[in-house]
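Engineer: Have a look at this fold, sequence not included:
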């Protein structure tokens with residue numbers, strides 16, 4: 001099975017430098033252009049069999065471009081939404097630092113300001129990934145459209161990394177990550193490439 005894990009395009013919150021998380025901002029015009037180029041590139045290089053997407057608007061709009069290019073309908077999964085960041089959603093970083101400072105000690109189970117804990121976030125990623133891997137045939141090519149934080153959690157889950165790992169995956173606007181599970185080799189998991197953005201050349205030149 002092949003997984004193409006894709007971050008959404010540029011959102012209005014990115015431009016406004018606002019903390020997004022569960023704040024539901026749409027794509028910018030640039031974000032739509034990025035998503036369109038990504039969709040064309042994916043359709044030229046892969047035969048997508050299913051698209052699974054976060055229910056947040058910026059991811060949905062990105063997935064719609066991919067659906068139009070491939071003719072594959074989108075399935076929405078709340079487990080793929082970005083970290084539940086509670087009261088800091090929609091604030092600038094300065095506002096968040098002032099109103100809701102990070103506690104000096106924060107454990108993996110700690111929940112503050114209406115946020116989900118790190119354990120809960122990782123559990124959502126495990127749940128989403130388990131369903132994707134077990135509900136699709138071995139020869140599937142599944143596109144997963146989500147967010148930077150969730151993609152990092154999916155990456156850790158995919159590779160079986162510890163909850164406490166300091167490994168972080170860089171993923172930019174419509175960055176594509178190609179992961180593979182080979183059931184004929186004891187479900188060996190391979191990262192073929194990460195954060196591929198060569199499709200952005202055309203849309204970014206116009207900015």
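Structural biologist: That came through, no problem. This one's a predicted model, so the numbers in the text were calculated from it and none came from an experiment.
Engineer: I'd like the distance between residue 59 and residue 164.
Structural biologist: From residue 59 across to residue 164, the span is 27 Å (Cβ to Cβ, to the nearest Å). Every residue, glycine included, has its C-beta placed from N, CA and C.
Engineer: go on, residue 29?
Structural biologist: With Cβ to Cβ as the criterion, residue 29 and residue 164 are 40 Å apart.
Engineer: Looking at those two, which has the bigger crowd around it?
Structural biologist: residue 29 (12 against 7; other Cβ atoms under 10 Å).
Engineer: Phi, psi for that one please.
Structural biologist: Dihedral angles of residue 29 (phi, psi; degrees, to the nearest 10) stand at phi -60, psi -40.
Engineer: ok, now residue 67?
Structural biologist: Backbone dihedrals for residue 67, given as degrees, to the nearest 10, come out at phi -60, psi -40.
Engineer: Name the nearest residue to it, sequence neighbours excluded.
Structural biologist: Nearest non-adjacent residue to residue 67, counting by Cβ to Cβ, 6 or more residues apart in numbering: residue 74, 5.1 Å away.
Engineer: in the sheet, who's paired with that neighbour?
Structural biologist: Beta-bridge partners for residue 74, by DSSP bridges, are residue 51.
Engineer: Tell me, how many residues neighbour it?
Structural biologist: When counting by other Cβ under 10 Å, one arrives at 18 neighbours for residue 74.
Engineer: what's the answer for residue 91, then?
Structural biologist: For residue 91, the number of neighbouring residues by other Cβ under 10 Å comes to 18.
Engineer: contacting residues for it?
Structural biologist: Applying Cβ atoms under 8 Å, 6 or more residues apart in numbering, we find residue 91 in contact with 18, 19, 99, 100.
Engineer: ok, it to residue 171 distance?
Structural biologist: For residue 91, the distance to residue 171 - Cβ to Cβ - is 23 Å.
Engineer: Tell me the buried residues in the strand of greatest length in the chain?
Structural biologist: Longest among the strand segments of the chain by residue count, using DSSP state E, is strand 188-196. Of the residues in strand 188-196, those scored as buried under the neighbour-count criterion (16 or more other Cβ atoms under 10 Å) are 194, 196.
Engineer: got a pLDDT number for the closest residue to residue 70 other than its chain neighbours?
Structural biologist: The shortest distance from residue 70 to any non-neighbouring residue, by Cβ to Cβ, 6+ apart, is to residue 48 (4.7 Å). According to the predicted model, the pLDDT of residue 48 comes to 98.
Engineer: Go ahead and confirm residue 48 touches residue 66.
Structural biologist: Yes - the criterion here is Cβ atoms under 8 Å, and residue 48 meets it with residue 66 at 7.4 Å.
Engineer: what residue ranges in the protein are flagged as low confidence?
Structural biologist: Per-residue confidence for the chain (pLDDT under 70) gives these ranges: 202-207.
Engineer: at 50 instead, please
Structural biologist: Along the chain, the model assigns pLDDT under 50 to residues 206.
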